[in-house]
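Undergrad: A predicted structure for the sequence below; I have some questions about it.
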Amino acid sequence: MERAQIEATVLEMVQKAKGAARSLAAMPAAVKNAVLLDVGEALIAEQPYILAENRKDMAEGEKKGLSAAMLERLRITEKGIRDMVQGLREVAALADPVGEIGEMRRRPSGIVVGRMRVPLGVILMIYESRPNVTIDAAALCFKTGNAVILRGGSEAIHSNLALAKVLRDVLVKHGVDPAVAQVLDFTDREGVDVLLQQEAYIDLVIPRGGEGLIRAVTEKSRIPVLKHYKGVCHCFVDADADQDMAIRIIVNAKVQRPSVCNALEGLLVHREIAGEFLPKVARALHNEGVRLLGCPSSRVICETIEPAAEGDWGAEFLDLILVVKVVSGIDEAMDYIDRYGSRHTETIITRSYEHSQRFLREVDASAVMVNASTRFNDGGQFGLGAEIGISTTKLHAYGPMGLEELTTRKFIVYGAGETRA
């Protein structure tokens, strides 16, 4: 597609989105919920079509030599569709934050000042592989009164356009402007570059994918970007930890879905229990096909642990690979996390109340956990409904982004003729 044609297409999309956002912001919650539930029913009805289109992407991905992790993210299954439907139902069941008023205070002048929660406006989602993001992001944006432009990766174009068709048909059926949720239907990279310059029409960019994608978006965008570079998550096993529980948590955090951002990438073990604990946890992980890379102390204890290279510390493997380090205690563990973590998810396994509270207070991450798997850092698991992403920056959200994180608050004022002296 020629550059001029790309620019014209993008400009038409963002202008339509800006106009649609105004009408969506005023839409009653009951109407939004009915649309979301109907999208769920349509996904079930159109399941054969969606799966057939996804198979096209999978076949092309295999031809191109996509990694196993990328293919796993790309695949849509019947369970995946059920999960999308469940996410839609959960979002529909949540309270609508738009229009919520709080903090009303009467000032000495006589005016009453409060704050009202309102949509952000138009959101641009740029994402790789995971087609379910098309539905999750559209649902959350729709519920919060935001128009959304969705730009998935070229590897998922058939899947994303199939899901977009389901969305569009339901919106039209309900008399809703379909411009509230648009999917870019071409894969030219220039399209992203042009979108990132549309500061007059787009209010926030949310990239979701690998670190390279997110850094590229951040460098090119003239629009605020909500970032999540990578998920380098750690587990510190304290000296007094319940070791059986620790093994269950570690195996779950690493093995259940190793290709996702809240999977475990680093294991820190207190030296007082390393001799007893490391062989047990290594055996459990090796049984699941996990390759362990460790520090010299860990390798002395457990010969099945391979030597870790300098670049392995702080790496996001997104695979069945885990680095292991023996540490002197909680302070060294927290220092290590501060150096190599990505502010995503950190967990401590301990019986010590004092250590658990220090870990919660002092570790800087979007989610800090005690005696729980890092895999719980997820909007659905936290009760937010389907999430639009996980922010590892602090402006304006930190952690999974649900409904409230897709809104902001404006000041509202009630008066009775007051004027300022």
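TA: Great, that's in hand.

Undergrad: quick one: contacts for the residue nearest to residue 415 when sequence neighbours are not counted?
TA: Of all residues not flanking residue 415 in the chain, residue 111 sits nearest, at 4.9 Å (CB to CB, 6 or more residues apart in numbering). To be clear about C-beta, it is placed using only N, CA and C from the backbone, and glycine gets the same treatment. Applying CB atoms under 8 Å, 6 or more residues apart in numbering to residue 111 gives the contacts 413, 414, 415, 418.

Undergrad: just the mean pLDDT for the strand or helix carrying the first one, thanks.
TA: Think residue 413. Per DSSP states H and E: residue 413 is located in strand 407-414. For strand 407-414, mean pLDDT rounds to 97.

Undergrad: which strands border that strand, and is each parallel or antiparallel?
TA: Using DSSP bridges, the strands paired with strand 407-414 are strand 112-119 (antiparallel).

Undergrad: need the CA coordinates for the partner strand. PDB is fine.
TA: Output of strand 112-119 as PDB, limited to C-alpha atoms (Å, rounded to 0.1, in the frame of the first residue of the first chain):
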ATOM      1  CA  VAL A 112     -19.300  22.300  45.700                       C
ATOM      2  CA  VAL A 113     -16.300  20.600  44.100                       C
ATOM      3  CA  GLY A 114     -16.200  16.900  43.200                       C
ATOM      4  CA  ARG A 115     -14.600  14.500  40.800                       C
ATOM      5  CA  MET A 116     -16.300  12.500  38.000                       C
ATOM      6  CA  ARG A 117     -14.800   9.400  36.300                       C
ATOM      7  CA  VAL A 118     -14.800   9.700  32.600                       C
ATOM      8  CA  PRO A 119     -13.300   7.800  29.600                       C
END
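
Undergrad: now do the buried residues in it.
TA: 115, 116, 117, 118, 119 (16 or more other CB atoms under 10 Å).

Undergrad: so what touches the helix or strand bottoming out on mean pLDDT in the chain?
TA: Of all helical and strand segments in the chain, the minimum by mean pLDDT, DSSP states H and E falls on helix 68-74, at a mean of 86. For helix 68-74, contacts defined as CB under 8 Å, 6+ apart pick out 54, 57-58, 61-62, 66, 128-131, 155-156, 159, 257-259, 318-319.

Undergrad: again with stretch 270-288
TA: Taking CB under 8 Å, 6+ apart as the rule, stretch 270-288 contacts 236-239, 241, 243, 246-247, 250-251, 254-255, 267, 269, 292, 297-298, 301-302, 304-305, 320, 322, 324, 326-329, 333.

Undergrad: picking up where we left off before, show me what counts as buried in the strand holding residue 413.
TA: Using 16+ other CB under 10 Å as the test for burial, strand 407-414 gives 407, 408, 409.

Undergrad: before we move on, what about stretch 57-71?
TA: Counting neighbours by 16+ other CB under 10 Å, one finds that the buried residues in stretch 57-71 are 57, 58, 60, 61, 66, 69, 70, 71.

Undergrad: in what helix or strand does the second one lie?
TA: The one in question is residue 58. Using DSSP H and E, residue 58 falls within helix 47-64.

Undergrad: who are the packing partners of that helix?
TA: Contacts defined by 3 or more CB pairs under 8 Å, 6 or more residues apart in numbering; DSSP states H and E place helix 47-64 against helix 68-74, helix 78-93, helix 157-173.

Undergrad: dump those to CSV, plus distance to residue 197.
TA: Listed next are these as CSV, based on distance: least, CB to CB, whole Å:
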stretch, distance to residue 197
helix 68-74, 28
helix 78-93, 31
helix 157-173, 23
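
Undergrad: which one of the ones you listed is the most hemmed in?
TA: Ranked by mean neighbour count, those are led by helix 157-173 with a mean of 20 (mean count of other CB atoms under 10 Å).

Undergrad: dump that helix to PDB, restricted to CA.
TA: Extracted in PDB, the C-alpha atoms of helix 157-173 (Å, rounded to 0.1, in the frame of the first residue of the first chain):
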ATOM      1  CA  ILE A 157      -4.200 -11.000  10.600                       C
ATOM      2  CA  HIS A 158      -6.800 -13.700   9.700                       C
ATOM      3  CA  SER A 159      -7.700 -14.400  13.300                       C
ATOM      4  CA  ASN A 160      -8.000 -10.700  14.200                       C
ATOM      5  CA  LEU A 161     -10.100  -9.800  11.200                       C
ATOM      6  CA  ALA A 162     -12.400 -12.700  11.900                       C
ATOM      7  CA  LEU A 163     -12.900 -11.500  15.500                       C
ATOM      8  CA  ALA A 164     -13.300  -7.900  14.200                       C
ATOM      9  CA  LYS A 165     -16.100  -9.100  11.900                       C
ATOM     10  CA  VAL A 166     -18.000 -10.700  14.800                       C
ATOM     11  CA  LEU A 167     -17.600  -7.400  16.800                       C
ATOM     12  CA  ARG A 168     -18.700  -5.200  13.900                       C
ATOM     13  CA  ASP A 169     -21.800  -7.300  13.200                       C
ATOM     14  CA  VAL A 170     -23.000  -7.200  16.800                       C
ATOM     15  CA  LEU A 171     -22.300  -3.400  17.000                       C
ATOM     16  CA  VAL A 172     -24.300  -2.800  13.800                       C
ATOM     17  CA  LYS A 173     -27.100  -5.100  15.100                       C
END
